[in-house]
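>>> Pasted the sequence and its predicted model underneath.
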Amino acid sequence: MKLLLVLTLCFVASRSLAQQSAQGLRGEYYRGINFKQKIGTRIDKEINFHWDQRHKPTPAIKLNNFSVLWRGQLYAPESGLYYFSSIADDAIQVWINGIKILDDKQQPKQGKMFDPNYLMKKRGSVNLQAKQWVPIEVHYSNGGGNSEVALYWELPSENQSPLGFQGIFRKIISAQNFRPVYKTNQSASLSMITNKHIVHEPNSSLKSKKQGSQFTPISSKPAVTITALPLELKLEKGKAVILHHVQFTQGSYVLMAESYPILNQLVALLKKWHLQRIQISGHTDNVGDARLNLTLSEYRAKQVANYLTQQGIATNRIETKGYGGKQPIANNSIEVERSKNRRVEVLLF
């Protein structure tokens, strides 16, 4: 009897620790756009998805007719006014601490070209206290075509900058600022809690016979992919070097998390060579409006420069330049080659 009690307490404790250490939001996936026919659940590290017919959250979903409900808690690292914005094809609604801050229906243009009217778009805002967890709920639905959804925030210390109005400080909310919330009466197994794959919801008839029955993964593809670390960055004075692992969300100037390792290497080198100056240059391919491409390349260079200054590199050591598609290094007529033209370079001088 004592042994059974000890095992029970160990199970409860381990389950509690698993729940506390889990990062991300609990996503419930539904057929249709009205959140009625649930297919399954999984833990999503962040809300930053680009789905098409080849890459769907699960084969059971019709890409042009589904919805997702994310629930959990959001951690505020500092006190002040936070701005939130999104990319959503089709509709997204966001509640933070019980306040509805976003209710948008956006139809991005084909190719997700940079939108120069971003400054005029609505951004939701809410005041949060530092080191507090607050409830967050996100509703997303897609009613046609491919699917794209991303949730960004701008921290109080960043959006007060003179450049804050440009929106260049917005970034994807990372997993460490999310944690899922679980129902106390949930009877699912512990593997369900930490599973990052979408899982079947048992039929109601099965639930009555087998409480906590096995959950079969629909897809063996993880919700989060891991990008290999970049090779060591080497700079040579007077020679432009491509920052191969610097990535942005498609058609925008928002840095993706994959960019941080190589940029951190650059920061370390600049702190070591504290007298050297650099030029950051942005480049695009030749697809779309040349003027928009030029603007996009300029903003991407500025976004990289902003990251460096946030890490302690003096602004007077950095120059930025955007070239658009004027300096290709590969054939723009072939997509595999054209992708090489979409790049950021650093020049030490």
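Received, thanks. Numbering: from 1, shown residues only.

>>> Helices of this protein, start to end?
Ranges of helices in the chain, per DSSP state H, are 2-21, 156-159, 190-194, 204-209, 260-272, 290-310, 335-338.

>>> from memory Tyr152 sits against Ser86, does it?
Yes - shown here, Tyr152 and Ser86 form a contact pair, counting by Cβ atoms under 8 Å, at 6.7 Å. Backbone N, C-alpha and C define where each C-beta goes, glycine included.

>>> any weak-confidence spans in the stretch 101-250 of the chain?
The stretch 101-250 of the chain contains residues with pLDDT under 70 at 106-122, 159-168, 182-231, 250.

>>> at 90 what do you get?
Along the stretch 101-250 of the chain, the parts satisfying pLDDT under 90 run over 101, 103-129, 143-148, 154-171, 181-238, 244-250.

>>> circling back to that earlier point, least reliable of the helices of the chain going by mean pLDDT?
For the helices of the chain, the weakest mean pLDDT is recorded on helix 190-194, namely a mean of 26.

>>> so Ile242 touches Glu345, yeah?
Yes - the criterion here is Cβ under 8 Å, and Ile242 meets it with Glu345 at 5.4 Å.

>>> the more surrounded of these two?
Ranked by neighbour count (other Cβ atoms under 10 Å), Ile242 and Glu345 place Glu345 first, with 21 against 13.

>>> Next one: the more buried one relative to Gln327, how far apart?
Glu345 sits 9 Å away from Gln327, going by Cβ to Cβ, to the nearest Å.

>>> Name the residues contacting each of these two.
His283 (Cβ atoms under 8 Å, 6 or more residues apart in numbering).

>>> count of residues packed around the nearest residue to Val267 once chain neighbours are set aside?
Of all residues not flanking Val267 in the chain, Gln311 sits nearest, at 4.4 Å (Cβ to Cβ, 6 or more residues apart in numbering). Counted with other Cβ under 10 Å, residues neighbouring Gln311 total 15.

>>> quick one, what contacts Gln311?
Gln311 makes contacts with 263-264, 267, as judged by Cβ under 8 Å, 6+ apart.

>>> Out of the residues you listed, grab the one that's most surrounded.
Among the contacts of Gln311, the one with the most neighbours (other Cβ under 10 Å) is Leu263, at 21 neighbours.

>>> Please report the number of neighbouring residues for the residue nearest to that one when sequence neighbours are not counted.
In space, and not counting its chain neighbours, Leu263 is closest to Tyr307: 5.5 Å by Cβ to Cβ, 6+ apart. Applying other Cβ under 10 Å, we find 21 residues neighbouring Tyr307.

>>> right, and Tyr307 touches Val254 too?
No - counting by Cβ under 8 Å, Tyr307 does not reach Val254; the two are 11.4 Å apart.

>>> ok, now how distant is Arg291 from Tyr299?
The gap separating Arg291 from Tyr299 is 13 Å, by Cβ to Cβ.
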